[in-house]
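Trainee: Model the structure of this input:
(one chain, ligands or ions: 2)
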Amino acid sequence: MRTAHRVEKVRAAEAELMARLPDGALMARAAAGLAAACADLLGRVYGARVVLLVGSGDNGGDTLWAGARLARRGAAVHAVLLAPDRAHAAGLAAFQAAGGRVADDPFAVLSGADLVLDGITGIGGTGGLRPAAVPVARAARGSGAVVVAVDLPSGVEADSGEVRGEALRADATVTFGTDKPGLLIDPAREHAGTVRLVDIGLGPHLPSVPDVESLQHPDVAVLLPEPSGESDKYRRGVVGVAAGSARYPGAAVLTVAGALRGGAGAVRYVGPEGAAVVARFPEALVHAGPPVKAGRVQAWVVGPGLGDDEDTVGQVLASDVPVLVDADGLRLLDPDAVRARTAPTLLTPHAGEAAALLGRDRAEVEAGRLDAVRELSARYGATVLLKGSTTLIAAPDPRLPVRADPMGTPWLATAGSGDVLSGLAGSLLAAGLPPLDAASCAAYLHGLAARRAAAVSTPITSYEVADALGAAWRDIRTPD
Ligand SMILES: NC(=O)C1=CN([C@@H]2O[C@H](COP(=O)(O)OP(=O)(O)OC[C@H]3O[C@@H](n4cnc5c(N)ncnc54)[C@H](O)[C@@H]3O)[C@@H](O)[C@H]2O)[C@@H](O)CC1
Ligand SMILES: [K+]
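Mentor: Ligands and ions are numbered 1, 2, ... in the order given. Sure thing, here's the model as predicted:
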């Protein structure tokens with residue numbers, strides 16, 4: 001599991017730890033880890049040309065101390081001081097004592113650099129790069145050097161992953177003590193490159209429940225349901241799928257395709273497209289509807305390709321089993337009916353649908369995903385999976401961490417891929433997973449399946465994603 005904490009919690013933990021350590025010890029740990037990571041990236045430190053971009057705070061301090069270490073190992077290190085009067089005094093003295101030099105012309109040193117360290121701002125930065133830093137950050141990016149962000153790419157918002165102005169784009173980020181939410185959430189995440197975490201001893205001082213977390217293979221392996229010797233189809237769960245219409249018959253087929261690979265014991269399709277579903281999947285149970293007459297299910301998926309069938313959405317929401325609402329279902333749902341439910345509800349909007357549910361602009365939702373997913377979840381009393389470049393999942397209990405899916409790929413932006421995800425997540429709900437786990441495991445498997453499909457051929461189709469789910473599931477169960 002990757003775990004991220006908000007800045008106020010990082011600062012509180014730092015304060016606790018610093019009170020027990022000699023002055024400067026924490027910064028020395030950070031700088032040692034940073035210099036070691038740079039040495040790994042460089043391969044050979046002696047003779048390497050390194051440029052430090054140094055801001056006015058402790059982030060610049062870490063960078064100067066790491067620069068001193070690299071200079072002592074024979075690198076030619078230049079520091080570009082963006083706020084010369086406010087550069088970290090002890091760090092600058094150590095850097096110069098080690099043979100590091102302050103650059104007169106930032107652009108001249110950047111043009112020949114092998115490695116650039118971005119120490120403009122860390123967790124204290126907000127509001128994007130200041131105008132004076134913008135041309136320097138651009139020159140760093142354009143120089144051909146490997147760009148390493150110190151703690152965070154300068155210019156991104158640590159707590160939300162927003163990028164409010166221009167931000168530096170790094171190839172790698174070396175972060176200290178814990179991940180920050182912005183390192184897991186786009187658009188900041190895509191500025192960070194590969195993230196390496198340096199342990200500075202903060203762990204015992206951080207709250208045990210993080211603000212944001214990302215599942216990794218072993219976490220998903222533990223959560224996925226596994227049939228036992230006692231299993232029969234009802235014990236493994238029956239998932240009801242109310243999807244598709246004469247206008248969108250494919251949605252029925254794709255939702256069932258996802259549901260069949262989600263671990264439920266059986267899939268019961270309810271709606272007008274039973275013939276199309278059975279033609280593709282003879283193992284599916286089909287019923288013309290309405291949902292109340294279709295027989296027992298342990299969870300429902302309602303909405304993909306449903307058209308304007310409001311009654312179906314109302315009937316499904318009135319049931320006492322977990323319900324996933326997607327696509328047309330999100331447009332047709334009665335918010336009071338969702339809030340009145342006693343069984344769990346999982347809503348799976350993309351940014352446009354989330355914006356409609358919140359009464360905001362789509363661009364606002366895309367820029368501030370974390371805020372949007374939390375707000376939606378609180379307003380509807382439901383678990384919400386917000387799809388997008390980073391898929392986020394929030395439970396209605398605000399004490400639980402938001403999950404950021406690490407597996408998505410731009411190839412998933414293809415028609416019908418959301419239908420497959422809905423079927424898959426609904427199937428995991430029917431198999432008994434709590435909504436937060438069902439949604440985050442589904443997003444993870446779906447992303448992994450898309451990556452597998454894309455490794456065979458691109459562009460991928462949604463049906464190929466559904467087809468690769470079995471192999472993705474196997475990858476997680478049997479890591480090599
Ligand atoms: N406190 C500690 O002992 C430790 C701190 N660490 C480092 O310290 C950093 C936090 O240091 P600070 O709190 O000094 O904050 P930063 O160094 O992140 O930046 C704060 C400074 O930048 C200015 N600033 C804010 N937004 C800006 C922007 N958009 N453009 C330019 N300047 C901007 C502020 O006026 C302030 O002077 C961490 O990210 C980490 O790198 C690590 O060394 C671990 C230990
Ligand atoms: K930085």
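
Trainee: What parts of the protein come near ligand 2?
Mentor: Contact residues (Cβ under 5 Å from the ion) of the chain with ligand 2: Asp118, Ala149, Val150, Ser154. C-beta coordinates here come from the backbone N, C-alpha and C atoms, glycine included.

Trainee: which stretches of the stretch 101-250 of the chain aren't confidently modelled?
Mentor: 229, 231 (pLDDT under 70).

Trainee: Now do the helices in it.
Mentor: Taking DSSP state H, counting those that start in this stretch to define them, one finds helices in the stretch 101-250 of the chain at 106-111, 133-142, 189-192, 217-223, 233-236, 249-260.

Trainee: Please render the ones you listed as JSON lines that adds mean neighbour count and distance to ligand 1 to the earlier fields.
Mentor: As requested, these are exported to JSON lines (neighbours: other Cβ atoms under 10 Å; distance: least, Cβ to the nearest ligand atom, whole Å):
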{"stretch": "helix 106-111", "mean neighbour count": "17", "distance to ligand 1": "15"}
{"stretch": "helix 133-142", "mean neighbour count": "18", "distance to ligand 1": "6"}
{"stretch": "helix 189-192", "mean neighbour count": "22", "distance to ligand 1": "13"}
{"stretch": "helix 217-223", "mean neighbour count": "16", "distance to ligand 1": "27"}
{"stretch": "helix 233-236", "mean neighbour count": "15", "distance to ligand 1": "48"}
{"stretch": "helix 249-260", "mean neighbour count": "28", "distance to ligand 1": "41"}
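
Trainee: With distance to Ala382 as added columns, please give these in a markdown table.
Mentor: Shown next, in a markdown table, are these (distance: least, Cβ to Cβ, whole Å):
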| stretch | distance to Ala382 |
| --- | --- |
| helix 106-111 | 49 |
| helix 133-142 | 40 |
| helix 189-192 | 25 |
| helix 217-223 | 20 |
| helix 233-236 | 25 |
| helix 249-260 | 19 |
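
Trainee: rewinding a little: from the residues of the chain next to ligand 2, list the buried ones, please.
Mentor: Asp118, Ala149, Val150, Ser154 (16 or more other Cβ atoms under 10 Å).

Trainee: those helices in the stretch 251-400 of the chain, which residues are they?
Mentor: 274-280, 310-317, 328-332, 335-340, 351-358, 362-367, 369-380.

Trainee: weakest of those in terms of mean pLDDT?
Mentor: Ranked by mean pLDDT, the helices of the stretch 251-400 of the chain bottom out at helix 362-367, with a mean of 94.

Trainee: still on that earlier bit, just send the helices of the stretch 251-400 of the chain back as JSON lines, with distance to ligand 1 and mean neighbour count too.
Mentor: Converted to JSON lines, these look like this (distance: least, Cβ to the nearest ligand atom, whole Å; neighbours: other Cβ atoms under 10 Å):
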{"stretch": "helix 274-280", "distance to ligand 1": "53", "mean neighbour count": "15"}
{"stretch": "helix 310-317", "distance to ligand 1": "45", "mean neighbour count": "20"}
{"stretch": "helix 328-332", "distance to ligand 1": "37", "mean neighbour count": "22"}
{"stretch": "helix 335-340", "distance to ligand 1": "39", "mean neighbour count": "12"}
{"stretch": "helix 351-358", "distance to ligand 1": "26", "mean neighbour count": "20"}
{"stretch": "helix 362-367", "distance to ligand 1": "17", "mean neighbour count": "17"}
{"stretch": "helix 369-380", "distance to ligand 1": "19", "mean neighbour count": "21"}
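
Trainee: Nearest approach to Ala430 belongs to which of those helices?
Mentor: helix 310-317 (13.2 Å; Cβ to Cβ).

Trainee: So what touches the closest one?
Mentor: 240, 242, 270-271, 289-292, 300, 302-303, 306, 323, 325, 328-329, 332-334, 337-338, 341, 345 (Cβ atoms under 8 Å, 6 or more residues apart in numbering).

Trainee: CA atoms of it as PDB?
Mentor: The C-alpha atoms that make up helix 310-317 are tabulated as PDB, following Å, rounded to 0.1, in the frame of the first residue of the first chain:
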ATOM      1  CA  GLU A 310     -36.400   5.900 -14.900                       C
ATOM      2  CA  ASP A 311     -38.600   3.200 -13.400                       C
ATOM      3  CA  THR A 312     -35.800   0.600 -13.600                       C
ATOM      4  CA  VAL A 313     -33.500   2.900 -11.700                       C
ATOM      5  CA  GLY A 314     -36.100   3.600  -9.100                       C
ATOM      6  CA  GLN A 315     -36.900  -0.100  -8.500                       C
ATOM      7  CA  VAL A 316     -33.300  -1.000  -8.200                       C
ATOM      8  CA  LEU A 317     -32.600   1.800  -5.700                       C
END
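
Trainee: Kindly report the residues of the protein close to ligand 1.
Mentor: By Cβ under 6 Å from any ligand atom, the residues of the chain that approach ligand 1 are 14, 18, 26-27, 30, 55-60, 62, 120-130, 150-151, 176, 200.

Trainee: Give the ChimeraX command for selecting the buried subset of those.
Mentor: A single ChimeraX command selects the buried members of these (16+ other Cβ under 10 Å):
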select :14,26,27,30,55,56,57,58,59,60,62,120,121,122,123,125,128,129,130,150,151,176,200
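
Trainee: Look at Val77 and tell me its secondary structure.
Mentor: strand (DSSP: H, G, I helix; E, B strand; the rest coil).

Trainee: How about whatever residue of the stretch 201-350 of the chain ends up closest to ligand 1: what's its closest non-neighbour residue?
Mentor: Ligand 1 sits closest to Leu202 of the stretch 201-350 of the chain, with a gap of 8.2 Å, by Cβ to the nearest ligand atom. Distances taken as Cβ to Cβ, 6 or more residues apart in numbering place Gly177 nearest to Leu202, at 3.4 Å, with adjacent residues excluded.

Trainee: ok, back up a step: farthest-apart pair in the buried ones among the residues of the chain next to ligand 2, please.
Mentor: Across these, the longest distance by Cβ to Cβ is 8.4 Å; it joins Val150 and Ser154.

Trainee: Tell me the residues that contact both of those two, please.
Mentor: Asn59, Asp118, Gly119, Gly122.

Trainee: What segments of the stretch 1-150 of the chain are strands?
Mentor: 2-4, 49-54, 76-81, 101-102, 115-119, 146-150 (DSSP state E, counting those that start in this stretch).

Trainee: and among these, the most buried is which?
Mentor: Among the strands of the stretch 1-150 of the chain, strand 115-119 has the highest mean neighbour count (mean count of other Cβ atoms under 10 Å), at a mean of 30.

Trainee: Mind giving me the packing neighbours of that one?
Mentor: helix 25-42, strand 49-54, helix 58-72, helix 133-142, strand 146-150 (3 or more Cβ pairs under 8 Å, 6 or more residues apart in numbering; DSSP states H and E).

Trainee: which stretch among those comes nearest Ala167?
Mentor: Nearest to Ala167, of the helices and strands packed on strand 115-119 and by Cβ to Cβ, is helix 133-142 at 7.9 Å.

Trainee: what about that closest one, distance to the chain center?
Mentor: Relative to the mean C-alpha coordinate of its chain, helix 133-142 is positioned 27 Å out (Cα atoms, centre = their mean, to the nearest Å).

Trainee: what comes into contact with it?
Mentor: In contact with helix 133-142 (Cβ under 8 Å, 6+ apart) are residues 51, 53, 55, 80, 82, 106-107, 110-111, 113, 116, 118, 120, 129, 147, 154-155, 166-169.

Trainee: so where's the longest helix in this structure?
Mentor: Ranked by number of residues, the top helix in the chain under DSSP state H is helix 435-456.

Trainee: quick check: angle from that helix to helix 369-380?
Mentor: 140 degrees (axes from the mean of the first three to the mean of the last three Cα atoms, to 10 degrees).
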